[in-house]
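Participant: model the structure of this input:
(4 chains)
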Number of protein chains: 2
Amino acid sequence: MSADPALRREIPDATVARLPGYLRTLSRLAEDGVLSVSSEELASAVGVRSSQLRKDLSHLGSYGVRGVGYEVEMLALEISRALGLSTDWPVAIVGMGNLGRALSSYSGFVTKGFRIVGLFDDDPAVEGEVVLGVPIRPLSGLREAHAAEPIAIGVIATPASAAQVVCDALVEAGITSILNFAPSVLSVPDGVDVRRVDLSTELQILAFHAQRKSLAAGDLDGAVAR
Amino acid sequence: MSADPALRREIPDATVARLPGYLRTLSRLAEDGVLSVSSEELASAVGVRSSQLRKDLSHLGSYGVRGVGYEVEMLALEISRALGLSTDWPVAIVGMGNLGRALSSYSGFVTKGFRIVGLFDDDPAVEGEVVLGVPIRPLSGLREAHAAEPIAIGVIATPASAAQVVCDALVEAGITSILNFAPSVLSVPDGVDVRRVDLSTELQILAFHAQRKSLAAGDLDGAVAR
DNA sequence: TTTTGTGAACAATTTCACAGCT
DNA sequence: AGCTGTGAAATTGTTCACAAAA
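Facilitator: Modelled structure (predicted):
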């Protein structure tokens, strides 16, 4: 029962979405030399309720000690395993404008579990340029690159107008996990996972709540928070 | 005592999170000269079920015509209103590295509802530089800038190490809506909204699903001895 | 007819509260 | 005594299926 290798288990999406946050906080605690945490402490550092943390962790297995708490390093390791970070995932970024560059120099990348193996852009002005040891190639080289060294995750950092074409090229090459920073809905065949990260969506959600706050505060319509 | 019809209504978070997507697709349809859509058409363009779209829209009010569909321009306007985009929201970006620059030149920004009124960075090397008509100022000028021209939303595009300090400065200045691109959990007082956009979280979620796919595909690596 | 708007059924997620282990 | 792990309850979100409207 508790000796179950956890990975077979069905882990709810909502839980999966929170695991990276737990992992990050655990890593910071480990750096600070903390050996053990209670669900209460960890939850408050992450910003969730302790009952939720415990329920989430219960989907991975039973890694705490009653009356004591969780061993920081060990729990971090188990979450890494559950997320599939035991091995490094090779990532390619398509689109080397400001965003692509920001992403490729992003520290969180190298830190844990991911490794940039390809940079692509069709702009002749940047072709051949080497960023952090990886040369920028034209998109036409994608298939070949994937054959030479497999790419597990493709990141789209192009303008919206190019996103679907780039996506098709990634899918065509055999890449089935895509992270899309362009503000467009991508259509992909079954079996391909797409996650979208979109600035304007996030801003609009913030605007909605800001509006509610200002309405609740009794401001009249159209007024901007003072 | 606002006379707004639907805004008083409680709109579920899950619905709010989808409205920006509906709005974007409607805007594209409007550009293409489409006058009217059915819930079926719009839903499939956005990638949700038509029943969900109708339920979501029902929270805003009743803006469709039975037997016909929705008038594109009008529905876009209503969603804009619900999201609080009738007026422009003044935004400040803190941290003008690659990410900050990518964000400030992001097209979706100007398009609809948002306007960059301040850029901040404490690096003396970039201070004074003007990006798209807005000068980069040191963070110490934040309070003054907010007093001169109100800032509704603060965007944190600094490294994680600076994020909490920047966040404190934003809150101190009176800004209550924050979009955080740094990979860190921010602690803020009640009444301040923080949304986090995090590359490594998204990558880790993709990695989880990629791992499941490869396990399901019969890769008998198993490897997890237990 | 066609397609919306919505109660009701269903599903997922969160929170509670406490039994069970150290 | 203290804290985890987990059924059960409460809440939130999604889908169904059909009456109502044009």
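Participant: low-confidence stretches in chain A?
Facilitator: A:1-9, A:107-111, A:218-226 (pLDDT under 70).
Participant: at 90 instead, please
Facilitator: A:1-10, A:105-113, A:183-184, A:213-226 (pLDDT under 90).
Participant: what's the domain layout of it?
Facilitator: Domain ranges of chain A: A:13-83, A:89-201, per automatic domain parsing.
Participant: what's the offset of the first one from the middle of its chain?
Facilitator: With CA atoms, centre = their mean, to the nearest Å as the basis, domain A:13-83 stands 18 Å off its chain's centre.
Participant: if we can go back for a sec, which of the domains of chain A sits closest to DNA strand C?
Facilitator: Closest approach to DNA strand C among these is made by domain A:13-83 (3.1 Å; CB to the nearest atom of the strand). C-beta here means a position set from N, CA and C on the backbone, and glycine is covered the same way.
Participant: circling back: dump the domains of chain A into CSV; add mean neighbour count and distance to DNA strand C as well.
Facilitator: As requested, those are exported to CSV (neighbours: other CB atoms under 10 Å in any protein chain shown; distance: least, CB to the nearest atom of the strand, whole Å):
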stretch, mean neighbour count, distance to DNA strand C
domain A:13-83, 17, 3
domain A:89-201, 18, 15
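Participant: how about the ones you listed, which one is nearest DNA strand D?
Facilitator: Short answer: domain A:13-83, nearest of the domains of chain A by CB to the nearest atom of the strand, at 2.8 Å.
Participant: nearest to A:Ala207, of the domains of chain A?
Facilitator: A:Ala207 lies closest to domain A:89-201 among these, at 9.9 Å (CB to CB).
Participant: the closest one and chain B, any residue contact?
Facilitator: Yes - contact of domain A:89-201 with chain B (CB under 8 Å from any CB of the partner chain) involves A:89, A:91, A:97-99, A:101-103, A:105-109, A:111-114, A:152-153, A:159-160, A:176-179, A:183, A:185, A:187, A:191, A:193, A:195, A:197-201.
Participant: strands - which of those residues land there?
Facilitator: Of the residues of domain A:89-201 next to chain B, the ones assigned to strands by DSSP state E are A:89, A:91, A:114, A:153, A:177-179, A:193, A:195.
Participant: for chain A, what spans make up the strands?
Facilitator: Going by DSSP E, chain A shows strands at A:36-37, A:64-65, A:69-71, A:89-94, A:114-120, A:130-131, A:134-137, A:153-156, A:177-180, A:193-196.
Participant: in TSV, list those along with distance to B:Val72.
Facilitator: Supplementary listing: those in TSV, determined by distance: least, CB to CB, whole Å:
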stretch	distance to B:Val72
strand A:36-37	52
strand A:64-65	53
strand A:69-71	52
strand A:89-94	32
strand A:114-120	35
strand A:130-131	42
strand A:134-137	40
strand A:153-156	27
strand A:177-180	24
strand A:193-196	23
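Participant: need the ones you listed in TSV (columns: distance to DNA strand D).
Facilitator: Formatted as TSV, the strands of chain A follow (distance: least, CB to the nearest atom of the strand, whole Å):
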stretch	distance to DNA strand D
strand A:36-37	7
strand A:64-65	3
strand A:69-71	4
strand A:89-94	28
strand A:114-120	28
strand A:130-131	38
strand A:134-137	38
strand A:153-156	24
strand A:177-180	19
strand A:193-196	15
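Participant: of those, give the one that comes closest to B:Ala30.
Facilitator: Across the strands of chain A, closest to B:Ala30 is strand A:193-196 (CB to CB), at 21.4 Å.
Participant: this completes my enquiry, with thanks.
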